[in-house]
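Student: Predicted model and sequence below, questions to follow.
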Amino acid sequence: MPVLELLWRALHALLALRRAVGSWLRGGMRAWERWNSALALAFQGARRNRRRSRAARCRSDSRRLRKLPLHLGVVVADEEPSYADIANLVVWCMAMGISYVSVYDNQGIFKRNNSRLMEEILKQQQELLGLGCSKYPVEFLNNSNNKVDQVLTCPTTVKVLSPDDGKEDIVKAAKTYCQLVAQHQRRSNDLDVNVLDSLLRGTAGLPDPDLVLKFGPVDSTLGFLPWHIRLTEIISLPSHINLSYEYFFSAIQRFAVCEQRMGK
Amino acid sequence: MSWIQEKKLHLAERLSACVLKVGPIPKHVAFIMDGNRRYAEKRQVERQQGHSQGFEKLAETLRWCLHLDIQEVTVYAFSIENFKRSKEEVDGLMELARQKFTRLLEEQDNLKKHGVCIRVLGDLTLLPVDIQELIAQAVLATQHYNKCFLNVCFAYTSRHEISNAVREMAWGVEEGILKPSDVSESVLDKCLYSSGSPNPGLLIRTSGEVRLSDFMLWQTSHSCLVFQPVLWPEYSFWNLCQAVLQYQMNYTAIQKAKDLQVADCKRRQAESDRACVLELLEQSPSGNVEDGQLDQNQVQQYTAEREQRVTSFLCALEQKRKKFLSDLVAGCPPFVCS
């Protein structure tokens, strides 16, 4: 019926409008914040000092929290990737003392441009934290496939993930196990959750993420590490583009107050 | 309290349902029905009371889903982790299950009338034997109905399900039906407890928690996730409409991501088939492989053989599962309507 269709379209137009106004307001707010801080800078001068204080602020902020995620997953869902903003976010995590950060998008864009992201992170790291490589050494590790897999090893390990690390990784583990069965080295009944988990841990090399920050307009994890997100808190933020520290920190705070009952 | 409710929707609800149905409707919706105990605390009633009201809400929600043309619903009723709760609460939940599955068997005519197929997903062997038998009876009695589907996840976790799927494939290899190289995303998909269902388009979790708690991790990798703050016993038709609206707003983007994933799967399968043919040729004494030059016919033939192996494996698996249920039913006295 055309009337119903009209109503449906009007409803969705309204919702789209609400979303657009929301993102427009956020953009305005951020511009305002930047403008304000630029103004403050003009009075104080010393850009370097401000940056230093940002790093100090990250550290003092993280000390105030009841808990920090051990592994933070960043999922960019259906958004044009902005390397500078992701690098910023990663560097905030470093300053806060988060041990593992993984960055994911479902098209594998970050993985294909791994080196670009890593360079950007290095740049921001030096700029924001004002620390040379001596204190936060950077290593480029090769994994067994000899594919150049760059892992930034500081106190924080950064890893870029794609759908290949998700379901495909489970399939690979299953294949490996089935081969062992075919060679009579294992029996099918010996496989349980722990055996499969240890097979999968070998490939990802990361602990299970305890927090996922999902950016973008799509409400889905789009294939991000299905096995590993069993107990992960999934917090959605509208966009990673021009992400402000305050916004990021509010998400970390939300995580810090979450209680898990573990089935009980 | 019955599983099927006949009540009609109010006018406003009916109108809203009609408007929503203009857009895409998820074929399959999964629920994490969280908040029964917090509801009981809030209302200062017994925990068990909270759980019973939660069940009533489930029956009501099923009715709403039918009105919205949602044909399949999966609910997380009891996790393997829940066995860790106090004995009193676990016993209470088992008693509730006993009552509800008995009730279900009493309502068979009603289920037939509405064409409701009931499936129970989980590791049944972890349950008391009498509940296993009740479940087997209910599942077998409704297995041919196909108008709507209700999957109850009971003694379930997703990791357990995935591990079980891998174990089944390993069993296929042991039996010589399957080759290790035949293992793929789509075969694993069909070894899950949920093999008969499309992946849920929409996952709803109530009570404001924002995690999946080991529920359908594999199947919801591309689902629209909706976390709603309302406690499950207070869930309303409007909450459901809101979730469906959110699904509709996500529809195009998620569809695009799914297409991408399907294309990836096909590419991987084709690559794997080529690699297998190459390996076979290298092993055969007469095989002289010119670099990268593979006979298209050989690859096609291999693909057909692989598909044949997978089909017979899945048949064997299906039979094994049916036999498990019918053995359970054979072991217990026939159900008599009281």
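Tutor: Arrived safely, thanks for sending. Numbers count the residues shown, from 1 in each chain, chains lettered A, B, ... in the order given.
Student: From now on I want contacts and neighbour counts done on CA atoms only, so please keep to that.
Tutor: Will do.
Student: Let me see the contact set for residue 228.
Tutor: Answering for chain A, as no chain was given. Applying Cα atoms under 8 Å, 6 or more residues apart in numbering or on different chains to residue A:228 gives the contacts A:208, A:209.
Student: Oops, wrong one, chain B.
Tutor: Contacts of residue B:228 (Cα under 8 Å, 6+ apart): B:204, B:205, B:206, B:207, B:208, B:239.
Student: part of a strand, is residue A:218?
Tutor: No: going by DSSP: H, G, I helix; E, B strand; the rest coil, the assignment for residue A:218 is coil, not a strand.
Student: Surely it and residue B:250 touch.
Tutor: Yes: in this structure, residue A:218 is within contact of residue B:250 by Cα atoms under 8 Å, at 5.8 Å.
Student: Spit out the residues that contact those two alike.
Tutor: With Cα under 8 Å, 6+ apart as the test, residue A:218 and residue B:250 both reach residue B:224.
Student: Residue A:165 and residue B:160, how far apart?
Tutor: Computed with Cα to Cα, to the nearest Å, the distance linking residue A:165 and residue B:160 is 20 Å.
Student: For the helix or strand encompassing residue A:74, which strands pair with it and how are they oriented?
Tutor: Residue A:74 belongs to strand A:71-76 when assigned by DSSP states H and E. Here strand A:71-76 is paired, per DSSP bridges, with strand A:100-105 (parallel), strand A:211-215 (parallel).
Student: which ones are touching residue B:173?
Tutor: A:178, A:181, A:182, B:179, B:180.
Student: Quick check: the gap between it and residue B:310.
Tutor: Residue B:173 is 11 Å from residue B:310, by Cα to Cα.
Student: do the same with residue B:111
Tutor: 34 Å.
Student: same thing with residue B:59?
Tutor: Distance, residue B:59 to residue B:310, using Cα to Cα: 38 Å.
Student: Which one of these two is surrounded by more residues?
Tutor: The residue with more neighbours, out of residue B:59 and residue B:310, is residue B:310; 20 against 17, by other Cα atoms under 10 Å in any protein chain shown.
Student: you'd agree residue A:166 is up against residue A:226?
Tutor: Yes: assessed by Cα under 8 Å, residue A:166 is found in contact with residue A:226 at 6.0 Å.
Student: show me where pLDDT drops low in the stretch 101-250 of chain A?
Tutor: Within the stretch 101-250 of chain A, the ranges that satisfy pLDDT under 70 run A:129-154, A:202-204.
Student: what residues does it put near chain B?
Tutor: Contact residues, the stretch 101-250 of chain A versus chain B (Cα under 8 Å from any Cα of the partner chain): A:106-107, A:167-168, A:171, A:174-179, A:181-182, A:187-189, A:191-193, A:196, A:217-224, A:226-227, A:229-235.
Student: 6 Å instead, please
Tutor: Proximity of the stretch 101-250 of chain A to chain B is confined to A:171, A:174-175, A:178-179, A:188, A:192-193, A:218-220, A:222-223, A:226, A:230-234 under the rule Cα under 6 Å from any Cα of the partner chain.
Student: got the contacts of residue B:173 as JSON lines, with distance to residue B:200, secondary structure and neighbour count columns?
Tutor: Supplementary listing: those in JSON lines, determined by distance: Cα to Cα, whole Å; DSSP: H, G, I helix; E, B strand; the rest coil; neighbours: other Cα atoms under 10 Å in any protein chain shown:
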{"residue": "A:178", "distance to residue B:200": "28", "secondary structure": "helix", "neighbour count": "30"}
{"residue": "A:181", "distance to residue B:200": "32", "secondary structure": "helix", "neighbour count": "20"}
{"residue": "A:182", "distance to residue B:200": "34", "secondary structure": "helix", "neighbour count": "22"}
{"residue": "B:179", "distance to residue B:200": "30", "secondary structure": "coil", "neighbour count": "20"}
{"residue": "B:180", "distance to residue B:200": "29", "secondary structure": "helix", "neighbour count": "21"}
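Student: beta partners for the most centrally placed residue in chain A?
Tutor: The geometric centre of chain A, computed from its C-alpha atoms, lies nearest to residue A:74 (Cα atoms, centre = their mean), at 1.5 Å. Applying DSSP bridges to residue A:74 gives these bridge partners: residue A:103, residue A:213.
Student: In contact with it, which residues?
Tutor: By Cα atoms under 6 Å, 6 or more residues apart in numbering or on different chains, the contact list for residue A:74 reads A:102, A:103, A:212, A:213.
Student: okay, residue A:166 and residue A:226: which has more neighbours?
Tutor: Between residue A:166 and residue A:226, counting by other Cα under 10 Å, residue A:226 is the more crowded of the two (24 against 21).
Student: want to try JSON lines for the contacts of residue B:173, with distance to residue A:122 as columns?
Tutor: JSON lines is the format used below for the contacts of residue B:173 (distance: Cα to Cα, whole Å):
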{"residue": "A:178", "distance to residue A:122": "42"}
{"residue": "A:181", "distance to residue A:122": "45"}
{"residue": "A:182", "distance to residue A:122": "46"}
{"residue": "B:179", "distance to residue A:122": "46"}
{"residue": "B:180", "distance to residue A:122": "42"}
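Student: Determine which two of the residues you listed are furthest apart.
Tutor: A:181 and B:179 (10.2 Å; Cα to Cα).
Student: now residue B:120, nearest residue through space, not along the chain?
Tutor: residue B:152 (4.8 Å; Cα to Cα, 6 or more residues apart in numbering or on different chains).
Student: Make sure I have this right: the one you found is in a strand.
Tutor: Yes: Residue B:152: assigned to a strand according to three-state DSSP.
Student: For the closest residue in space to residue A:165 that isn't next to it in sequence, the count of nearby residues, please.
Tutor: Distances taken as Cα to Cα, 6+ apart place residue A:225 nearest to residue A:165, at 6.5 Å, with adjacent residues excluded. Close neighbours of residue A:225, defined as other Cα under 10 Å, add up to 27.
Student: element containing residue 40, please.
Tutor: I went with chain A, as the question did not name one. Here residue A:40 sits within helix A:2-44, counting by DSSP H and E.
Student: nope, chain B
Tutor: helix B:36-43.
Student: What of residue B:74?
Tutor: Taking DSSP H and E as the definition, residue B:74 sits inside strand B:72-79.
Student: Mind listing what's buried along the helix or strand immediately after that strand in the chain?
Tutor: Once the chain leaves strand B:72-79, the next helix or strand it forms, by DSSP H and E, is helix B:87-106. Buried residues in helix B:87-106, defined by neighbour count with 16 or more other Cα atoms under 10 Å in any protein chain shown: B:89, B:93-94, B:96-98, B:100-106.
Student: How is chain A divided into domains?
Tutor: A:1-64, A:68-166+A:202-257 (the TED database).
Student: tell me the most buried of those domains?
Tutor: Among the domains of chain A, the stretch with the highest mean neighbour count (mean count of other Cα atoms under 10 Å in any protein chain shown) is domain A:68-166+A:202-257, at a mean of 19.
Student: residues in the stretch 101-250 of chain B within reach of chain A, list them.
Tutor: Near chain A, when you scan the stretch 101-250 of chain B using Cα under 6 Å from any Cα, you find B:160, B:163, B:166-167, B:170-171, B:180, B:183-184, B:210-211, B:213-214, B:217-218, B:221-225, B:250.
Student: Those, buried ones only, as a PyMOL selection?
Tutor: Entered in PyMOL, the line below selects the buried ones among those, by 16+ other Cα under 10 Å:
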select buried, chain B and resi 160+163+166+167+170+171+180+183+184+210+211+213+214+217+218+221+222+223+224+225+250
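Student: Can you list which of the residues of the stretch 101-250 of chain B next to chain A are found in strands?
Tutor: The strands, defined by DSSP state E, take in B:224, B:225 from those.
Student: Identify, from the contacts of residue A:74, the entry nearest to residue A:22.
Tutor: Nearest to residue A:22 among the contacts of residue A:74, counting by Cα to Cα, is residue A:213 at 18.9 Å.
Student: thought that closest one was touching residue A:233?
Tutor: No: shown here, residue A:213 and residue A:233 do not form a contact pair, counting by Cα atoms under 6 Å, at 8.5 Å.
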